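Chemist: sharing a model prediction with you, sequence too.
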Amino acid sequence: MKEFATGHIRNVALVAHHGVGKTSLAEAMLYQAKATTRIGRIADGSTLLDHSPEEISRQITIDLGLAQFEFKGHKVNLLDTPGYADFVGDVYSALRVADSAILVLRAATGVEVGTEVVWEVLKQEKSPLLVVVNMMDKEHANFDAAVKSCHDRLGLNAVPAQLPIGEADKFHGVVDLIENKAYTFTGKGADEKSSEAPIPAEMKDRVAKARAALMEEAATGDEQLMEKFLSTGDLSVEEIRKGLCERVVMCDLAPVFCCSAALNLGVAIPSSPGFVGTYQWLGVSALALFGIGREEGLAFAICMQAVWYVPTTIVGAVILVAHAKGAWRSGEVFDFGSAPKPGVRLQSDT
Ligand SMILES: Nc1nc2c(ncn2[C@@H]2O[C@H](COP(=O)(O)OP(=O)(O)O)[C@@H](O)[C@H]2O)c(=O)[nH]1
Ligand SMILES: [Mg+2]
């Protein structure tokens, strides 16, 4: 197996209420990254992650699963957690070793009871996170209401980094607010193709307003950026990324994206960075990766790494190695299910 330096490994946990599409999103990301040649479907019991007989018959995730893929020279370990409160222990395990989290919401309901449960764990573990509003294709999908529910019910500073083009059966594209570009979809699933398109005329005002809000949020943590934003009303794409990175790392802000995981719509868009699963690059190590590796960015990243990420990464690596003994299966998907819980195994190993 190809080896990656620690700095090129990302551990990302998918967390949410049950049934909102975490496993489907993981499957679509694995497909987009070419880690698999087909998109597994929950209904067919053909997913890489929900593979035990009980998970297939119940169509739910029961055990914490780990899948990996390579993206832009980085190895991404995705930790797919179960959504039922009975299994919340696995959410703790995942977030303890993850660098960052993707909080998935259902577009029609926004924050749900299970979201509130995982939110408590996210706060406790101080996980930098992004939000993905999934199921944008479903009836009653309402992106704005889902974002609002993050503010109202979680007190989370959720800031759109994308806007959907159309909702429910009209969902057919996204506007990337960072790059100020629009993408529309043709086809779905394995046939999905995104291509750049003009921002729809009827969305221009809304996009301008949302982008200004995003820029203001990006500028808020950085004096120089704020000065530039106040004097010119504008920031470059790199400056927006830099400002967002710093605030995401400090858990001050969660950028919000949207997609339809089961249909593989919006999971990846052609321009960089595009791939929702790797938007955790907005996290600490992203400072270098996103080409904003200026001296101050790197110094900040190194400080954060030393204070927090090095100890947690080491602990995470030890736990993963302890559990992985003999458990890697074909398809490079690792199942925690049959292994003892982290800590127990770790103790007996030492
Ligand atoms: N229409 C639609 N269905 C979805 C989407 N994402 C997931 N689903 C379906 O919702 C159900 C639950 O999905 P799953 O990935 O198991 O959710 P999890 O419990 O959060 O892992 C499955 O039947 C999926 O096919 C989506 O974006 N659109
Ligand atoms: Mg699942």
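Modeler: Ah, there it is. What you see is a predicted model; the values in this text were computed from it and never measured. Ligands and ions are numbered 1, 2, ... in the order given.

Chemist: low-confidence ranges, the chain, go.
Modeler: Applying pLDDT under 70 to the chain flags the ranges 1, 269-350.

Chemist: which stretches in it count as strands?
Modeler: Taking DSSP state E as the criterion, the chain carries its strands at 9-15, 65-71, 74-80, 100-106, 129-134, 158-160, 162-165, 173-176, 181-186, 193-197, 254-258, 333-335.

Chemist: name all residues that make contact with the closest residue to ligand 2 within the stretch 151-300 of the chain.
Modeler: With C-beta to the ion, the shortest gap between the stretch 151-300 of the chain and ligand 2 falls at A261, namely 10.6 Å. Bear in mind the C-beta positions are built from the backbone N, C-alpha and C, glycine included. Contacts here follow C-beta atoms under 8 Å, 6 or more residues apart in numbering; on that basis A261 touches G21, S24, L25, E27, A28, N134, M135, V267.

Chemist: okay, buried residues for stretch 124-132 please.
Modeler: Applying a neighbour-count criterion of 16 or more other C-beta atoms under 10 Å, one finds E125, S127, P128, L129, L130, V131, V132 buried in stretch 124-132.

Chemist: distance check, the second one against ligand 1.
Modeler: With distances taken as C-beta to the nearest ligand atom, to the nearest Å, S127 is found 17 Å from ligand 1.

Chemist: what's the closest non-adjacent residue to that residue?
Modeler: Spatial nearest neighbour of S127, chain neighbours left out: A101 (4.5 Å); criterion: C-beta to C-beta, 6 or more residues apart in numbering.

Chemist: ok, the one you found touching K126?
Modeler: No: with contact defined as C-beta atoms under 8 Å, A101 does not count as touching K126 (10.5 Å).

Chemist: quick one: end-to-end length of stretch 53-67, please.
Modeler: Terminal residues of stretch 53-67 lie 18 Å apart, using C-alpha to C-alpha, to the nearest Å.

Chemist: equivalent analysis for stretch 217-224, please.
Modeler: 13 Å.

Chemist: repeat that for stretch 178-188.
Modeler: So stretch 178-188: terminal residues 25 Å apart, C-alpha to C-alpha.

Chemist: just checking, what packs against the longest helix seen in the chain?
Modeler: Longest helix in the chain, counting residues (DSSP state H): helix 204-220. In terms of contacts (3 or more C-beta pairs under 8 Å, 6 or more residues apart in numbering; DSSP states H and E), helix 204-220 is packed against strand 158-160, strand 162-165, helix 223-232, helix 237-249.

Chemist: and the first one, which strands flank it?
Modeler: Same thing as strand 158-160. When pairing is defined by DSSP bridges, strand 158-160 lines up against strand 254-258 (parallel).

Chemist: if we can go back for a sec, can you pull the buried residues of the longest helix of the chain?
Modeler: Judged by neighbour count using 16+ other C-beta under 10 Å, the buried positions of helix 204-220 are V207, A210, R211, L214, M215, E216, E217, A218, A219, T220.

Chemist: which of the contacts of A261 fall in helices?
Modeler: Going by DSSP H, the helices hold S24, L25, E27, A28 from the contacts of A261.

Chemist: against G73, how distant is the closest residue in space to H74 that isn't next to it in sequence?
Modeler: Leaving out its chain neighbours, the residue that sits closest to H74 by C-beta to C-beta, 6+ apart is H8, at 4.8 Å. H8 is 6 Å from G73, where distance means C-beta to C-beta, to the nearest Å.

Chemist: settle it for me: which of those two has more neighbours?
Modeler: A direct count of neighbours by other C-beta atoms under 10 Å for H8 and G73 places H8 higher, at 15 against 8.

Chemist: the more buried one against V76, yeah?
Modeler: No: with contact defined as C-beta under 8 Å, H8 and V76 do not form a contacting pair (9.8 Å).

Chemist: kindly provide the distance from the residue in the stretch 101-250 of the chain that ligand 2 sits nearest to to A218.
Modeler: Nearest to ligand 2, among the residues of the stretch 101-250 of the chain, is V104, at 9.6 Å (C-beta to the ion). Remark: distance between V104 and A218 (C-beta to C-beta) = 23 Å.

Chemist: cool, and C259?
Modeler: For C259, the distance to A218 - C-beta to C-beta - is 22 Å.

Chemist: ok so, going back, neighbours of the residue of the stretch 101-250 of the chain closest to ligand 2, how many?
Modeler: Residues lying near V104 (other C-beta under 10 Å) number 28.

Chemist: without its sequence neighbours, what residue ends up closest to it?
Modeler: Nearest to V104 is A16, by C-beta to C-beta, 6+ apart, at 3.9 Å.

Chemist: list the contacts of stretch 140-160.
Modeler: So stretch 140-160 is contacted by 105-111, 115-116, 119, 131, 133, 135-136, 163-164, 167-168, 171, 177, 210, 213-214, 217, 252-256, 258 (C-beta under 8 Å, 6+ apart).

Chemist: which positions in the stretch 201-350 of the chain make contact with ligand 1?
Modeler: Listed as neighbours of ligand 1 in the stretch 201-350 of the chain under the rule C-beta under 6 Å from any ligand atom: S260, A261, A262, L263.

Chemist: got the contact list for R247?
Modeler: R247 sits in contact with E217, A218, T220, G221, L253, where contact means C-beta under 8 Å, 6+ apart.

Chemist: re earlier: adding distance to F185, write the helices and strands packed on helix 204-220 out as CSV.
Modeler: Converted to CSV, those look like this (distance: least, C-beta to C-beta, whole Å):
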stretch, distance to F185
strand 158-160, 19
strand 162-165, 9
helix 223-232, 32
helix 237-249, 23
